[in-house]
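K.L.:
test case, fold it:
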Amino acid sequence: MKNIEEQLAVDSDDEYQYEEIPVDEEFVTADIEEELDVAVRTIKEAEEDSQAARGLLCEEDIGVVPDIYTRNQDLDNEIKFLKREVEKYRDAAIKAKETYVKLRKERDYHRMHHKRVVQEKNKLINDIKRLKRHYSQYEPTLQQLKKKYEVAMKEKMLSKLERDRAVGQVSGLQSTLKSMESFKGGSAKSLQHMSGDNSNIRVKDREGYGPTQQRLSYERERKLEMDVQNLPGDYKRHPNDTDFPPDKGINPYLAQVKGPSGHLTRTGGFRLSNTFSAHANPISGVALHPRKQILATSSDDHTWKMWAVPSGDIIMTGEGHTDWVSGCDFHPGGSKLVTSSGDTTVKIWDFSKAECVHTFTDHTHAVWGVTWHSCGDFVASCSMDNTSKVWDLNSLRNRYTLRGHADSVNSIEFLPYSNTLLTCSADKTLSLWDGRTGLCAQTFYGHMHSVNSCTFNLKGDTVASCDSYGVVKLWDVRAVAPMVSFDVGPHPANQVSFDPADLNQITSLVGHEDAVQCSVFDRSGEFMVSGGSDCTVRIWS
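P.N.:
I've put the predicted structure just below:
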């Protein structure tokens, strides 16, 4: 300002004194101040731009010089890292390309192989169709051959039965002739003498009786001496009823199955020896012929069948039941078979006639099991109607109905060569019955669940039973008490039977693919047969 004033002073020719006009601060408005601020900022920015154009640093960039080198080093490292990443991704891309080419080649190879397999499959399908058509032509011939084979086996078995019957009749006639010869002559007189003595004894026994007692005794003796056909019309007994045999309680097989030491010669357990498919549905019961190597099976497919053991060749098929067949048992003579069924019937089958000869229909619900009396004249059955029945094969009627169980009767068995019956029930009890009267003699208590099966041992002094929770118990018949109890669960125990060898050991036999429903030991103890829900019969020896 001084320079300007000096210049003005020099240039001014006159020495005019200019008055200084004071500035009024009131005239300085806010707009002027804002314009000044904008002008100042513009000047500063222009200075900064000019410095940057000349390569000068800004204030914020001015600092310690090594920071710039550090930033450059970081940028160099980042560039090197990015170059390495680029190289790595380039290698990965090359490998991916190679893998893609390889996979494409494998895809083409597998596609070609798949086409070849499809062609082979179509060829095999055509071959199978052709073979099926070819096989269908042989099916009628195979069925005819099968029927002829069954007829031949049936005739063979019937011829054996006839031969055994003839041999038995011849031996019986020979023994009868010998007995007649031995008693010929004085036997008739001795019989008459004995009869007279008996009548005298009876008369002497009636001495001292009152008139009523003598009359009752006389009537009783008269009825006993009368022939069955001459009984009065009001007599209640059926004319063809069979008398029960004397209850000796001696099992002749007990001595036959044991050796000199009192036990069988078999010392080990059983091993699976043969398996054959027997039925189309689960097998519910098995029974062995008393004298021959023949097995009978019953099934849920409404049929029973006979098989040769151990080969498994079919012998005979029985059809007639309208529901599942629950059990079967051979006649002691081996000439008949009895079966029970869910159709509430019990059927008697005669092998010589190859047909059902009689059907008992008195049960009102499904029949679970059947058993023959050792004499062969009686059959006992148990049913879901809470009762058991004793059937007479001569009069073909129900002799007795055993009532006492409160739930389904699941198993029944005659003590061999005895009139005693053993039953078990879903009411958790076992009972002993007198078959001659139909009365309950003893009841065994101890099971906590439904009892599925029960049986006598050979001596008849021990009973075994099993229930639906897998608990097996052994009972002392004389003490009417359990001797031992063991659990084979958690699955139900379906049937129990005694091993004639009596080895006193517990073993497990593994082979069936489903539940085992029934089992039976050979009378000699040499093998065992089992049947199951897998529709197969397995022979263990």
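K.L.:
residue boundaries of the helices in the stretch 101-250 of the chain?
P.N.:
For the stretch 101-250 of the chain, the helices defined by DSSP state H, counting those that start in this stretch cover 187-206, 211-225.
K.L.:
again with the chain
P.N.:
Taking DSSP state H as the test, the helices found in the chain are 2-11, 30-53, 66-182, 187-206, 211-225, 253-256.
K.L.:
where does the stretch 201-350 of the chain dip in pLDDT?
P.N.:
Residues of the stretch 201-350 of the chain meeting the criterion pLDDT under 70: 201-237, 249, 253-268.
K.L.:
let's go with 80 and repeat that
P.N.:
201-239, 247-269 (pLDDT under 80).
K.L.:
circling back: which of the helices of the chain comes out lowest on mean pLDDT?
P.N.:
Note on the helices of the chain: helix 187-206 shows the lowest mean pLDDT, a mean of 43.
K.L.:
start to end distance for stretch 392-405?
P.N.:
Stretch 392-405 has an end-to-end distance of 22 Å (Cα to Cα, to the nearest Å).
K.L.:
show residues contacting it.
P.N.:
By Cβ atoms under 8 Å, 6 or more residues apart in numbering, the surrounding residues in contact with stretch 392-405 are 238-242, 348, 358, 360, 362, 376-379, 386-391, 421, 423, 425, 427, 429, 431, 433, 435, 437-438, 440, 443. All C-beta spots, glycine's among them, are computed from the backbone N, C-alpha and C.
K.L.:
and Trp540, how many neighbours?
P.N.:
Neighbour count of Trp540, defined by other Cβ atoms under 10 Å: 17.
K.L.:
run the chain-centre distance for stretch 118-129.
P.N.:
38 Å (Cα atoms, centre = their mean, to the nearest Å).
K.L.:
where does pLDDT dip in the stretch 401-541 of the chain?
P.N.:
489, 501-507, 525.
K.L.:
rerun that using 90 as the cut-off
P.N.:
Applying pLDDT under 90 to the stretch 401-541 of the chain picks out residues 416-418, 436-438, 457-461, 479-480, 486, 488-491, 498-511, 521-527, 541.
K.L.:
residue ranges of the strands in it, please?
P.N.:
Secondary structure of the stretch 401-541 of the chain, counting by DSSP state E, counting those that start in this stretch: strands at 409-414, 420-425, 429-434, 439-445, 451-456, 462-467, 471-476, 481-487, 516-521, 528-532, 536-540.
K.L.:
how far away from the center of its chain is the fourth one?
P.N.:
Counting by Cα atoms, centre = their mean, strand 439-445 is centred 32 Å from the centre of its parent chain.
K.L.:
mind listing what's buried along that strand?
P.N.:
Residues of strand 439-445 classed as buried by neighbour count (16 or more other Cβ atoms under 10 Å): 440, 444.
K.L.:
ok, it: who's next to it in the sheet?
P.N.:
Strand 439-445 pairs in its sheet with strand 429-434 (antiparallel), by DSSP bridges.
K.L.:
how about residues contacting the partner strand?
P.N.:
Strand 429-434 is contacted from outside by 388, 402, 404-405, 419-425, 439-445, 447, 451, 454, 463, 465, 475, 477, using Cβ under 8 Å, 6+ apart.
K.L.:
at 6 Å what do you get?
P.N.:
Strand 429-434 is contacted from outside by 402, 421-424, 440-445, 454, 465, using Cβ atoms under 6 Å, 6 or more residues apart in numbering.
K.L.:
just stretch 479-496 next, same as before
P.N.:
Stretch 479-496 is touched from outside by 442, 446, 452-453, 455, 464, 466, 468-476, 517-519, with contacts defined as Cβ under 6 Å, 6+ apart.
K.L.:
can I get the buried part of the residues you listed as one PyMOL selection?
P.N.:
Buried members of these, defined by 16+ other Cβ under 10 Å, are picked up in PyMOL with:
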select buried, resi 446+452+453+455+464+466+468+469+470+471+472+473+474+475+517+518+519
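K.L.:
so what's the gap between stretch 483-491 and the chain middle?
P.N.:
Distance, stretch centre to chain centre, for stretch 483-491: 18 Å (Cα atoms, centre = their mean).
K.L.:
with only the CA atoms kept, save it in PDB.
P.N.:
Provided in PDB are the C-alpha atoms of stretch 483-491 (Å, rounded to 0.1, in the frame of the first residue of the first chain):
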ATOM      1  CA  MET A 483     -39.000-127.700  40.700                       C
ATOM      2  CA  VAL A 484     -37.100-125.300  38.500                       C
ATOM      3  CA  SER A 485     -37.900-122.200  36.300                       C
ATOM      4  CA  PHE A 486     -35.700-120.500  33.700                       C
ATOM      5  CA  ASP A 487     -36.200-117.700  31.300                       C
ATOM      6  CA  VAL A 488     -35.500-118.200  27.600                       C
ATOM      7  CA  GLY A 489     -37.200-114.900  26.500                       C
ATOM      8  CA  PRO A 490     -37.700-112.200  25.600                       C
ATOM      9  CA  HIS A 491     -39.700-113.900  22.800                       C
END
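K.L.:
perfect, I'm done here.
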